[in-house]
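Chemist: when you get a sec, could you give me coordinates for this:
(chains A and B)
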Amino acid sequence: MDTTEKMKTENLNAWFGPKQALKEITLSIKANVVTAIIGPSGCGKSTFIRTLNRMHELVPEARISGQVLLDGQNIYADEVDPVQIRRRVGMVFQKPNPFPTMSIYDNVAAGLKLAGAKKGQALDEIVQKSLQQATLWDEVKDDLRKPGTSISGGQQQRLCIARALAVNPEVILMDEPCSALDPIATAKIETLIRQLAENYTVVIVTHNMQQAARVSDFTAFFYLGKLIEYGETNALFENPKSELTEKYITGKFG
Amino acid sequence: MLNSYSIRKFKNKAAYVLCLCCVVIAVVPLASILFEVIARGASQLSIQFLTSNGLEGGIGPAIQGTLILIGLTSLIGVPIGILSGVYLAEFGDNKYASTMRTINDILTEFPSIVVGITAFSIIVIGVTGSFSPLAGAIALSFMMIPIVARTTEEALKLVLNSIREASLALGAHQWKTILRVVLPAARQGLVTGTLLAVARIAGETAPILLTILGNSYFFQGFNQPMDALPLRIFLNSRQPSPEVQAQAWGAALVLILIVLALNIVVRIATKGRFKR
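Modeler: Model prediction:
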């Protein structure tokens, strides 16, 4: 697969207080593909993607060392505003978290409105386009004024994806986006993830290996805060180089 | 062997009856106060009583004064209280904040007469040189701020962290996240806290006794003594004349009605579009 590099971590370490969650992670994330991060609970996979848009540092006493590059620029450099990074690197969370006081429309428009955008046709179009990209438009187009929390869990998660897309990010991070959803809603999100990779760089954390195999082009296996193995998904699942990876993907532990 | 099920059933019943008795004991004084105030106060209510000044046997100045005090105090106390609460909830993860939290808790329970005498010696004597609505409002806001700050902090803590993260992950600044996402989500709590504080200060007597003094006439200016309902109740109830004492009961009923009306109006006005 011939793709360019979108993000890269170099000797990335992350801590929560005295506890080290990531150890010397050097990983290159390719543009316009889906990269899956797999590994057992507590291996640092969520921490890892939260370092990619500077959400990690919001936790009290959390810190990092090393570099995270976005298009070659270190996002942890002193002059970099984390707010700007988060606009370029969006995020979808484990549990659907639409804003409870906002309508479906306002949820999608929230990122732009919080950045100062005014109401109007331009905003309407972005909202429609984002909901269409998130394959939710047909289900909610007559209910845009209803509360964002009034739709089903799977729809709420696609609403959260639409909300992330509306600010036109370059990278979308997904932290176990299907773990709170039923199989049908999960299938919809997985199809959506494949579609998103045409225009966006997607990094998805999942504890579900079948999901990683289904949706991703590249897979990274984390264990105890270390990157054990990284490569094209097919190769990693069919022919793992590390014994640890093999044990994990064959279900011997995890 | 004794039937253990029937023993348990009896214990269950006994505990239930005990709880019920306690509720009745708690409610009886409250109900009797309400009953007494309505029984004695309702007969006083008339347009003349509500609108004329003290020399004509009315409580017009007291109603006006209480409304002015509530307005002025809220103007000072609500913004400061809410912003303090925001600090404690959103930035309060340090030792300064926990010290402030402790001081705030002490202030919430502070004897109101102490607040009154402090406001008297600092503001009435030191700053304005006279009894005034301003001095009264400042004294009352000392009482309001800690209540609003505390309830704001509690309300903001109930807002799920995932909502804050969602906003920050969209590239929203922290202050916008707080203003547009967190505070609206906590709106009901903020309203409840503010109303609690208003109800509390509307009935406070000690601080205003020493700061606004009382007045038989309608509002004379921000640097002149003013009347208020609690003050009228206190002063009139100490008079020997049964007529004047009856006015105190009327004033008490009006005070309760004002607090009740404020509650209803504010709740309707700030009702969110969406139920949570």
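Chemist: contacts and neighbour counts: CA atoms only from here.
Modeler: Fine.
Chemist: quick check: which element contains the nearest residue to residue A:182 once chain neighbours are set aside?
Modeler: Closest residue to residue A:182 apart from its sequence neighbours, by Cα to Cα, 6 or more residues apart in numbering or on different chains: residue A:154 at 7.7 Å. Assignment of secondary structure by DSSP states H and E places residue A:154 within helix A:153-166.
Chemist: what are the phi and psi values for residue A:222?
Modeler: When read as degrees, to the nearest 10, the backbone of residue A:222 gives phi -110, psi 140.
Chemist: what pLDDT does it get?
Modeler: On pLDDT, residue A:222 comes in at 95.
Chemist: measure the residue lying closest to it once chain neighbours are set aside to chain B for me?
Modeler: Take residue A:222 and drop its neighbours on the chain: the residue closest to it by Cα to Cα, 6+ apart is residue A:39, 5.0 Å away. To chain B, residue A:39 is 23 Å away according to Cα to the nearest Cα, to the nearest Å.
Chemist: mind listing what residue A:39 touches?
Modeler: Contacts for residue A:39 (Cα atoms under 8 Å, 6 or more residues apart in numbering or on different chains) come out as A:45, A:206-207, A:221-223, A:248, A:254.
Chemist: which of those are buried? Put it as a ChimeraX command.
Modeler: Burial among the contacts of residue A:39 is assessed by 16 or more other Cα atoms under 10 Å in any protein chain shown; the matching ChimeraX selection reads:
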select /A:45,206,207,221,222,223,248
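Chemist: of the contacts of residue A:39, closest to residue B:76?
Modeler: residue A:45 (48.2 Å; Cα to Cα).
Chemist: flag the shaky bits of the stretch 151-254 of chain A, pLDDT-wise.
Modeler: Residues of the stretch 151-254 of chain A meeting the criterion pLDDT under 70: A:254.
Chemist: remind me which helix or strand residue A:23 belongs to.
Modeler: Assigned by DSSP H and E, residue A:23 falls within strand A:19-30.
Chemist: actually, residue B:18.
Modeler: Per DSSP H and E: helix B:4-41 holds residue B:18.
Chemist: if you count contacts, what does that helix end up packed against?
Modeler: Using 3 or more Cα pairs under 8 Å, 6 or more residues apart in numbering or on different chains; DSSP states H and E, the elements in contact with helix B:4-41 are helix B:242-269.
Chemist: can you pull the buried residues of the helix it packs on?
Modeler: Those would be B:244-256, B:258-259, B:263, for helix B:242-269 by 16+ other Cα under 10 Å.
Chemist: what about residue 64, neighbour count?
Modeler: Picking chain A for this. 18 (other Cα atoms under 10 Å in any protein chain shown).
Chemist: um, chain B though
Modeler: Residue B:64 has 19 nearby residues by other Cα under 10 Å.
Chemist: got any ranges where chain B has weak pLDDT?
Modeler: B:1-2, B:272-276.
Chemist: enumerate the residues of it near chain A.
Modeler: With Cα under 8 Å from any Cα of the partner chain as the criterion, chain B comes near chain A at residues B:162-163, B:165-173, B:176-177, B:180-181, B:184-185, B:272-274, B:276.
Chemist: got a ChimeraX select line for the buried ones in those residues?
Modeler: Buried subset of those, written as a ChimeraX selection, criterion 16+ other Cα under 10 Å:
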select /B:162,163,165,166,167,168,169,170,171,172,173,176,177,180,181,184,185
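Chemist: from residue B:36, how far off is residue B:29?
Modeler: Distance of residue B:29 to residue B:36, given as Cα to Cα, to the nearest Å: 10 Å.
Chemist: same question for residue B:203.
Modeler: Taking Cα to Cα, one finds residue B:203 at 17 Å from residue B:36.
Chemist: looking at these two, which is more packed in?
Modeler: residue B:203 (18 against 14).
Chemist: test my guess that the more buried one contacts residue B:255.
Modeler: Yes - counting by Cα atoms under 8 Å, residue B:255 is a contact partner of residue B:203 at 7.5 Å.
Chemist: find residues that contact each of the two.
Modeler: B:229-230.
Chemist: is the residue in the stretch 51-200 of chain B that chain A sits nearest to in a helix, a strand, or coil?
Modeler: Nearest residue of the stretch 51-200 of chain B to chain A, counting by Cα to the nearest Cα: residue B:171, 4.6 Å away. Here residue B:171 is recorded as coil under DSSP: H, G, I helix; E, B strand; the rest coil.
Chemist: got the phi and psi for it?
Modeler: phi 80, psi 30.
Chemist: wait, it sits on residue A:86?
Modeler: Yes - using Cα under 8 Å, residue B:171 is in contact with residue A:86, at 4.7 Å.
Chemist: overlap of the contact sets of these two?
Modeler: Contacts common to residue B:171 and residue A:86, judged by Cα under 8 Å, 6+ apart, are absent.
Chemist: which helix or strand contains the residue nearest the centre of chain A?
Modeler: Centroid check for chain A by Cα atoms, centre = their mean gives residue A:173 as the closest residue, at 1.6 Å. Taking DSSP H and E as the criterion, residue A:173 maps to strand A:171-175.
Chemist: note down every partner strand of that strand and its orientation.
Modeler: strand A:89-92 (parallel), strand A:201-205 (parallel) (DSSP bridges).
Chemist: any idea which of those is most buried?
Modeler: The highest average neighbour count among the strands paired with strand A:171-175, using mean count of other Cα atoms under 10 Å in any protein chain shown, belongs to strand A:89-92 at a mean of 28.
Chemist: export that one as CSV, just CAs?
Modeler: Backbone C-alpha positions of strand A:89-92 (Å, rounded to 0.1, in the frame of the first residue of the first chain) are rendered in CSV as follows:
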residue,chain,number,x,y,z
VAL,A,89,-7.7,16.1,14.9
GLY,A,90,-11.2,15.3,15.9
MET,A,91,-12.4,12.7,18.3
VAL,A,92,-15.3,10.3,18.8
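Chemist: which element follows it toward the C-terminus?
Modeler: helix A:104-114.
Chemist: tell me what that next one is packed against?
Modeler: Counting contacts by 3+ Cα pairs under 8 Å, 6+ apart, helix A:104-114 is packed against helix A:121-133, helix A:153-166.
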